[in-house]
Structures are given as C-alpha cells and as structure tokens.
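# coords please:
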Amino acid sequence: DGEWTDLKNYISTQGFSGTEGTALKSTYGWMDGGNGTDDFGFSALPGGLRYDGNAFFYFAGSWGYWWTSSPGGSVGESRNLASSNSGIGGGTGNSQDGFSVRCLRDAE
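Numbering: from 1, shown residues only. Down below sits the predicted model:
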C-alpha cells in the first residue's frame, strides 16, 4: 500500500496532481473514452474483478483493480482505476476476490 502511495505522490509532483490514474492507464482498452496517457509506462488495463470465488469477471473494460501486498485485517488492501475517473482509488477486497497483480523487482 505504501508503494502505491509513493507512486501516486511521485506522479502528482510531476504535474499530474488529480490525474494520476490517467497518467497510469494504457492508451487503449478503456471504455467510454477513458483511455489514459501512459506517461510512466505503467500501461494499466481494465481487467475488472472476480467476486468472492465466482467464475465470472465483472467491469472488464471500465475498471482495473490491483492488490497491494498490505493486509487489511481479514481483507486485503487494493487500488483501482476507472474509465470514468482520472484519479487512483483505493479500498479492500475479500481474499477470495480476483484482482490483478503487478509484480516489480526491488531496486538493488
């Protein structure tokens, strides 16, 4: 969760305050004119989510959800981007929910 906060803060200082989500979103794939500018090479795509072990994915094309590695009690912390919003949202998810994962190698 702290790394997402650091990322958002960095993007804000680079002139994208309030539009951090747009700067992270891919330039294609988002519904309703919600494509981003991908200014930082993050290329976020709207994979949607899978609820609580259900086999179906919802909101693909309009929302992207990512787990953080931070637990939030019996749930996990998450971040989200929406085609209808230029910011970065946050929340929690049940451990049975299916969100995307972004893996990064720590700097050495």
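
# going forward, measure contacts and count neighbours with C-alpha atoms only.
Fine.

# Would you map the helices across the chain?
2-11, 20-24 (DSSP state H).

# Turn the ones you listed into JSON lines, columns for mean pLDDT.
Output for the helices of the chain, formatted as JSON lines (pLDDT from 0 to 100):
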{"stretch": "helix 2-11", "mean pLDDT": "94"}
{"stretch": "helix 20-24", "mean pLDDT": "98"}
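
# Tell me which of the ones you listed approaches Gly90 most closely.
Nearest of the helices of the chain to Gly90, taken as Cα to Cα: helix 2-11 at 9.6 Å.

# For that closest one, name the packing helices and strands.
helix 20-24 (3 or more Cα pairs under 8 Å, 6 or more residues apart in numbering; DSSP states H and E).

# follow-up on the earlier one: how about the helices of the chain in CSV, adding distance to Phe57?
Output for the helices of the chain, formatted as CSV (distance: least, Cα to Cα, whole Å):
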stretch, distance to Phe57
helix 2-11, 24
helix 20-24, 21
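
# got a markdown table for those helices, with distance to Asp39 and mean neighbour count too?
Listed next are the helices of the chain as a markdown table, based on distance: least, Cα to Cα, whole Å; neighbours: other Cα atoms under 10 Å:
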| stretch | distance to Asp39 | mean neighbour count |
| --- | --- | --- |
| helix 2-11 | 9 | 14 |
| helix 20-24 | 5 | 25 |
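
# Relative to Trp67, which of the ones you listed is closest?
That would be helix 2-11 among those, by Cα to Cα, at 10.1 Å.

# any idea how far Asp1 lies from Ser69?
7 Å (Cα to Cα, to the nearest Å).

# Val75 too?
Per Cα to Cα, Val75 is found 11 Å from Ser69.
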